[in-house]
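Peer 1: Structure, please.
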Amino acid sequence: MDKPESLRLRLHVDPLLLAGILMLGAAGLVVLYSATGADQHMVVRQGGRMLLGLAVMAGVAQFKPETLIRLAPWLYSAGLILLVVLNFIGTGRGAHRWLDLGVGRFQPAEIMKLAVPMTCARFLTAGDLPPSWTRLALSGVFILLPVVLIAMQPDLGTAVLVMAAGGFVIFLAGLSWRAMLALVLVVAASMVPLWSLLHDYQRQRILTLLDPQQDPLGAGYHIIQSVIAVGSGGLFGKGWLQGTQSRLEFLPERHTDFIFAVVCEEFGFAGAALLIALYLLIIARGLSIAAGAQDHASRLLAGSLSLTLFIYVFVNMGMVVGQLPVVGVPLPMISYGGSSLVTLMAAFGMLMSVHTHRKKMLF
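Peer 2: Down below sits the predicted model:
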């Protein structure tokens, strides 16, 4: 009979990371049940997506990190081609974000959340670290190509996440202070032209952040109702299934982008703090895996994926409490949805691969 340690190594599972993922997934289903008005069909469907995600995670974990890195250019190229095709045959509410496969819909932009950090990690570690200015510039091109195509759909939230995933690889590669200062200046200088490229509704979201009361029944409605829900939860919340903002449908998008407001209203500050602690546990475990990686490419990839999860959580929660513009970023493992969930589980599979394929196992 196999020992638990031997079985764990053969399955390439990290117990601590898996425990955090399972607890987060269970919490997501509990909150979703309330957010959807006790819609069992949606909860079962989301549970099926989580099972699919776990299967994808387990499958990805079986590949060695070097194999995943070798596949990066192919995945990046496929994703780029799909993003271009999406402009012609894509579907969505006023946007071109989805490919209709007949049996379901698929969002090609999700591929780039993995392909961009994988490609940048492969490219930067092919030379000396810290990277040269030439390699930094070329890495910037690898990041900006998909970011621009995704922003054109338009999907600003996913574009931000893809840019963050690639940017973290560059940062972890060991930038000098001079290089970091140069990047900050470039980003600052690009703000003015980027403002003119934004769609009217995107500019309105930023202006609404500054003063949501200027249009309380229109552009500011989401933020106002979300902040009311968050504040009404108090310390321990109103109780599961007792949230008035969500149950009476004052809160829009309560089962997707604004589901954190449901958490705050029903479980209060205590519940929100526990959820944040669970995210921090998973992120910390991911960074620990990155620190123990046996090669530079695996370290950059694992570190980028872990920090991108932080951006996911930070942007969504900041958006819900009215501190960041509404950009359509779901709360990982909690919000209803399929493409982003499966992508996230694939990222967890990569983290497990980096940890469990090391020659010398260290917890």
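Peer 1: hey, let's count contacts and neighbours off CA atoms from now on
Peer 2: Will do.
Peer 1: Tell me the secondary structure at the most centrally placed residue in the chain.
Peer 2: In the chain, the residue lying closest to the centroid (CA atoms, centre = their mean) is residue 312, at 4.2 Å. Classification of residue 312 by DSSP: H, G, I helix; E, B strand; the rest coil places it in helix.
Peer 1: For the longest helix seen in the chain, name the packing helices and strands.
Peer 2: In the chain, taking DSSP state H as the definition, the longest helix is helix 259-291. Judged by 3 or more CA pairs under 8 Å, 6 or more residues apart in numbering; DSSP states H and E, helix 259-291 is in contact with helix 15-35, helix 221-232, helix 244-247, helix 296-320, helix 339-356.
Peer 1: let's see it at 6 Å
Peer 2: Under the contact criterion of 3 or more CA pairs under 6 Å, 6 or more residues apart in numbering; DSSP states H and E, helix 259-291 touches helix 221-232, helix 296-320.
Peer 1: now it: how far from the chain's centre is it?
Peer 2: Chain-centre distance of helix 259-291: 14 Å, with CA atoms, centre = their mean, to the nearest Å.
Peer 1: Quickly list the domain ranges of this structure.
Peer 2: 14-62+199-357, 65-197 (automatic domain parsing).
Peer 1: Could you find the closest non-adjacent residue to residue 82?
Peer 2: residue 108 (6.1 Å; CA to CA, 6 or more residues apart in numbering).
Peer 1: can you tell me how far the one you found sits from residue 37?
Peer 2: From residue 108 across to residue 37, the span is 30 Å (CA to CA, to the nearest Å).
Peer 1: So these two - more neighbours on which side?
Peer 2: Neighbours per residue (other CA atoms under 10 Å) separate residue 108 from residue 37, with residue 108 holding more: 23 against 14.
Peer 1: Check the gap between that one and residue 150 for me.
Peer 2: From residue 108 over to residue 150 the distance is 9 Å, taken as CA to CA.
Peer 1: cool, and residue 137?
Peer 2: Applying CA to CA to residue 137 and residue 150 gives a distance of 20 Å.
Peer 1: Out of the two, name the residue with the larger neighbour count.
Peer 2: More neighbours surround residue 150 than the other of residue 137 and residue 150, with 28 against 12 (other CA under 10 Å).
Peer 1: Just the pLDDT at residue 97, thanks.
Peer 2: pLDDT recorded at residue 97 is 77.
Peer 1: going forward, begin numbering at 6 instead of 1
Peer 2: Noted, 6 is the first residue going forward, which turns the last one into residue 102.
Peer 1: and it, how many neighbours does it have?
Peer 2: Neighbour count for residue 102, taken as other CA under 10 Å: 24.
Peer 1: just to revisit the earlier point, ok, and which of the helices and strands packed on helix 264-296 has the densest surroundings?
Peer 2: Each of the helices and strands packed on helix 264-296 was scored by mean neighbour count; the highest is helix 301-325, a mean of 23, by mean count of other CA atoms under 10 Å.
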